[in-house]
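A.B. asks: Using only what follows, build the 3D model:
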Amino acid sequence: MDFGDYDRAQGPHRRIERHPDLTGTPCDINGDYLLPGTPPPPRLPPDDEENNTAGQWAPFDNRAEFELADFLYRQSQMPGSQIDTLTEILAKLYPAPDAVTTLHQNLR
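C.D. replies: Below you'll find the model as predicted:
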């Protein structure tokens with residue numbers, strides 16, 4: 001624990017504890033630090049955002065899967081057993097190989 005930022009004016013019961021890895025230093029998509037003054041990289045075009053080419057929807061494959069998970073877990077707070085039932089129904093409606101199975105694994 002680093003007490004280098006201890007400030008007596010704040011009192012004996014306050015301290016600032018810094019995270020050893022999270023510094024807030026700007027970096028690129030690979031985590032490599034940018035040189036000071038370097039502008040951030042441009043945003044991905046909307047087509048790439050939909051298809052997860054940069055992994056921004058991970059662990060989901062695309063925005064639609066992310067939005068479905070957000071709806072099921074956060075907005076409606078659907079229990080896991082009901083999500084299992086829903087994915088079984090979807091698999092019958094949309095029998096594309098592995099489509100719903102992959103979605104179900106991503107939702108778990």
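A.B. asks: How about the biggest helix by length in the chain, which residues are buried there?
C.D. replies: Scanning the chain for the helix with the most residues, using DSSP state H, yields helix 80-93. Residues of helix 80-93 classed as buried by neighbour count (16 or more other Cβ atoms under 10 Å): I83, L86, T87, A91. To be clear about C-beta, it is placed using only N, CA and C from the backbone, and glycine gets the same treatment.
A.B. asks: just checking, what packs against it?
C.D. replies: helix 99-107 (3 or more Cβ pairs under 8 Å, 6 or more residues apart in numbering; DSSP states H and E).
A.B. asks: now do 10 Å
C.D. replies: helix 63-69, helix 99-107 (3 or more Cβ pairs under 10 Å, 6 or more residues apart in numbering; DSSP states H and E).
A.B. asks: Lowest mean pLDDT across those, which one is that?
C.D. replies: Ranked by mean pLDDT, the helices and strands packed on helix 80-93 bottom out at helix 99-107, with a mean of 63.
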